[in-house]
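S.K.: 3D model of this:
(one chain, ligands or ions: 1)
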Amino acid sequence: MFDMGFVNLLQNLTLIAGGGGAATAAIGLMATLMFCFFSYCILYQSRRNERLPPGPYPWPIIGNLHQLRLPIHRTLRHLANKYGPILFLRFGSVPTLVVSSSEMAKQFLKTHDLIFASRPPTSVGKYFFYNFKDIAFAPYGDHWRKMRKICVLELLTAQRIESFKHVRQEEVSAMIRSIWEESESGRFAVNVTEAIYASLANILWRILARKKFSDNDLGTDGKGFTDLVREVSTAVGSLNIGDFVPYLDWLDLQGIKRSLKKANRRFDAFAEKIINDHVDHHMARASNGQEETMPHVKDFVDVLLEVAETNTTDTKLKRETIKALIFVCLSDFTHCHPIPILKLERFEQPNILLTVFVFLQQLFAAGMETSADALEWAMSELLRHPHAIHRLQEEIESVVGQHGKVNESNLASMVYLQCVVKETLRLYPSLPLAIPHASVEAVTVGGYYIPKKTMVIMNLWAIGRDPDVWGADASEFNPERFLRVEEHGMDLSGGQSDFRMLPFGAGRRRCPGSAMAILTVEYALAQLLHTFDWRVEGDPSELDMKEACATTMPRQAPLFAYPSLRRPRRL
Ligand code: HEM
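M.R.: Predicted coordinates for the structure are as follows:
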């Protein structure tokens, strides 16, 4: 993510430095350079007085950005090996701290959690997430607290997750069938990566909005959902110069702000369609008297609309209006259409629908790729370690029998499966650099002065592979390590005191979706291995394991493998 952005960034800096002939740009550049130079002098005056953590010396304007290389988490670990587990850098003019050990992570995410619970202001939060109306990019404060509460108490509760059991069952079974069909009964290798991503996207869409969406649901002109996700992903994955060199922000050199605003408009229209669909559905059920007689499983949009109805005074007002309008419409149902209701509502009270939109987008983004990445890495490592596959298959069979189907309730008895998933997340945390934190005030940590508004990057990838904690084989896939007493029963949710690995972060901003993610990954993995034996072309130990550099950390090359049915069965 950062790397692509960095390449763009350097290109753009070179471009404007070249003049381009535009008088405005030239004047802007001169002013900017002078401003940067003086800011730089002032900042480094303070650096001499305070004991900042160690780090390489920054260049004017771009700071240490020129030192970032692909993949960024590896570069940052390399720098940490040289300068220490808290490393001070400057991304443009933004003071940036990289934390690379579990001991230091504990200082930031436990001892001083409150000070580091905010987020740096980025253009993604501003232009795509409706000026930080989301949860993941929102600064610490009232809005974030409200969003977090809705997430934890309404959307991602154990009960709610359980209520979508049938969705996971149906979609994982559909994935298994499609893998078998695509391989033409095991004769051809299948694209396991593609199958996993499609299945997890279907699961998440059904949890969020009741139905799966295809490209055509967004647009039939080839500008469908995939295109939108790609557009946003590119914008999110680009390092916006303006975020780090604020004096250049107004120039929008890479066109990122334009692109985010455009993507936001397209997503907004799509999300509105989803809401319309929910109002339609609700009205149809109400008119048939089904709301009382046939309760249905509520998806996240249902829950959010309900929360909006009951939560606060202003949202209540809006829901009352909706109810009144629905009532009016119901009194003459045949002549009513829900869309005008929503148009009117949006006009009157944009905040509630906005919250729903933002939640939809963000939970999809946060939940889909992360879980899919974990599953594809687990499959990749297992394919390289046949003894681990064998042990896992034996365990699954001992719990469900040869012909039985895996049930989510069986997972608690599958200890080795849990070890495999933990080991995968240790080596391949889906967000290798978490989501940047920001300090809300100056503080001293580990004897070093950390200025206010410092961006803090947790190198979760480096923490999970620290040989001081995990031993000389820290970079090896060895699920058995989690059977040892010290690691057995290790809780990954980040809400406890164990900081040896942090795939879901820790403290106030830890991932609220960890339980759902682990359940989905364990269940899908168990089904994939209980149904099929797997092999790859050539020597499994030679399987390409390079990671791609995106917002998350997927495989660089898709995983292809041959499935063969373990027992004759109907799929
Ligand atoms: C294997 C799967 C997943 C991994 C490895 C993962 C990891 C993470 C990490 C590292 C963070 C940042 C923590 C920090 O800032 O310190 C995060 C935040 C977040 N995750 Fe996940 N996640 C996963 C799945 C999910 C799922 C399934 C959902 C919900 C559907 C979800 C929702 C979120 C949200 C909303 C945040 C922002 C929290 C905040 O800023 O308060 N994640 N996740």
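S.K.: what sits up against stretch 431-439?
M.R.: 71-73, 76, 108, 115-120, 136-137, 139, 370, 450-461, 502, 505, 509, 551-553 (C-beta atoms under 8 Å, 6 or more residues apart in numbering). Any C-beta I mention is one placed from the backbone N, CA and C, and that applies to glycine too.
S.K.: taking those residues one by one, which sit in helices?
M.R.: Secondary structure from DSSP state H places 72-73, 76, 370, 460-461 of those in helices.
S.K.: In the stretch 251-400 of the chain, what residue spans correspond to helices?
M.R.: Per DSSP state H, counting those that start in this stretch, the stretch 251-400 of the chain carries helices over the ranges 256-287, 290-293, 300-310, 313-331, 338-348, 350-384, 386-400.
S.K.: where does the stretch 451-571 of the chain have low pLDDT?
M.R.: Residues of the stretch 451-571 of the chain that meet the criterion pLDDT under 70 lie in 496-497, 550-551.
S.K.: For the stretch 251-400 of the chain, what lies in contact range of the ligand?
M.R.: Contact residues (C-beta under 6 Å from any ligand atom) of the stretch 251-400 of the chain with the ligand: 362-363, 366-367, 370-371, 374.
S.K.: Reformat those residues as a markdown table; add distance to residue 178 and pLDDT.
M.R.: Below are these laid out as a markdown table (distance: C-beta to C-beta, whole Å; pLDDT from 0 to 100):
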| residue | distance to residue 178 | pLDDT |
| --- | --- | --- |
| 362 | 28 | 68 |
| 363 | 25 | 72 |
| 366 | 25 | 71 |
| 367 | 21 | 74 |
| 370 | 22 | 89 |
| 371 | 18 | 93 |
| 374 | 20 | 97 |
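S.K.: pLDDT-wise, which helix or strand of this structure ranks last?
M.R.: The weakest-scoring helix or strand in the chain, judged by mean pLDDT, DSSP states H and E, is helix 338-348 (a mean of 28).
S.K.: Residue 547 is in contact with residue 430, isn't it?
M.R.: No. Checked against C-beta atoms under 8 Å, the pair residue 547 and residue 430 is beyond contact range at 10.7 Å.
S.K.: who touches both of those two?
M.R.: residue 553.
S.K.: Compare the two (neighbour count), which wins?
M.R.: For residue 547 versus residue 430, neighbours defined as other C-beta atoms under 10 Å are more numerous around residue 430 (25 against 19).
S.K.: OK, contacts around that one?
M.R.: 369-371, 373-374, 503, 552-553.
S.K.: ok, now with 10 Å
M.R.: Counting by C-beta atoms under 10 Å, 6 or more residues apart in numbering, residue 430 touches 366, 369-375, 377, 424, 460, 503-504, 511, 517, 521, 551-554.
S.K.: does it count as helix, strand or coil?
M.R.: Using DSSP: H, G, I helix; E, B strand; the rest coil, the structure places residue 430 in coil.
S.K.: Give me the nearest residue to it, chain neighbours excluded.
M.R.: Spatial nearest neighbour of residue 430, chain neighbours left out: residue 370 (3.8 Å); criterion: C-beta to C-beta, 6 or more residues apart in numbering.
S.K.: just residue 111 next, same as before
M.R.: In space, residue 111 is closest to residue 445, 7.9 Å off (C-beta to C-beta, 6+ apart).
S.K.: Can you give me the pLDDT of that neighbour?
M.R.: Among the per-residue scores, residue 445 holds a pLDDT of 95.
S.K.: What residues does it make contact with?
M.R.: Going by C-beta under 10 Å, 6+ apart, residue 445 touches 53, 86, 97, 99, 104, 107-108, 111-112, 115-116, 439, 456.
S.K.: same thing but 8 Å
M.R.: Taking C-beta under 8 Å, 6+ apart, we find residue 445 in contact with 86, 104, 107-108, 111-112.
S.K.: for the chain, which spans come out with low pLDDT?
M.R.: Using pLDDT under 70, the chain drops low at 1-49, 128-130, 214-239, 268, 291-295, 309-362, 365, 496-497, 550-551.
S.K.: list the buried ones in the strand or helix carrying residue 79?
M.R.: Residue 79 is part of helix 72-83 when elements are defined by DSSP states H and E. Neighbour counts over helix 72-83 (16 or more other C-beta atoms under 10 Å) mark 72-77, 79-80, 83 as buried.
S.K.: Give the burial count for residue 180, as a bare number.
M.R.: 18.
S.K.: Sorry, slip of the keys, the one I care about is residue 157.
M.R.: Neighbourhood size, residue 157 [other C-beta under 10 Å]: 15.
S.K.: and it, how far is that from residue 503?
M.R.: Applying C-beta to C-beta, to the nearest Å, the value for residue 157 to residue 503 is 21 Å.
S.K.: repeat for residue 414
M.R.: For residue 414, the distance to residue 503 equals 19 Å [C-beta to C-beta].
S.K.: More neighbours: which of the two?
M.R.: Neighbour tally, residue 414 and residue 503, criterion other C-beta under 10 Å: the higher count belongs to residue 503, 29 against 21.
S.K.: isn't that one right next to residue 490, touching?
M.R.: No. The pair residue 503 / residue 490 is not scored as a contact, 11.2 Å apart, by C-beta under 8 Å.
S.K.: Which parts of the stretch 101-250 of the chain are helices?
M.R.: 102-106, 123, 142-150, 158-163, 165-182, 192-209, 225-237, 241-244.
S.K.: would you turn those into CSV with distance to residue 91?
M.R.: Output for the helices of the stretch 101-250 of the chain, formatted as CSV (distance: least, C-beta to C-beta, whole Å):
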stretch, distance to residue 91
helix 102-106, 19
helix 123, 14
helix 142-150, 23
helix 158-163, 37
helix 165-182, 39
helix 192-209, 31
helix 225-237, 15
helix 241-244, 5
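S.K.: and of these, who's closest to residue 255?
M.R.: Closest approach to residue 255 among these (C-beta to C-beta): helix 225-237, 9.0 Å.
S.K.: Between the two ends of stretch 493-509, how far is it?
M.R.: Distance between the two ends of stretch 493-509: 11 Å, counting by C-alpha to C-alpha, to the nearest Å.
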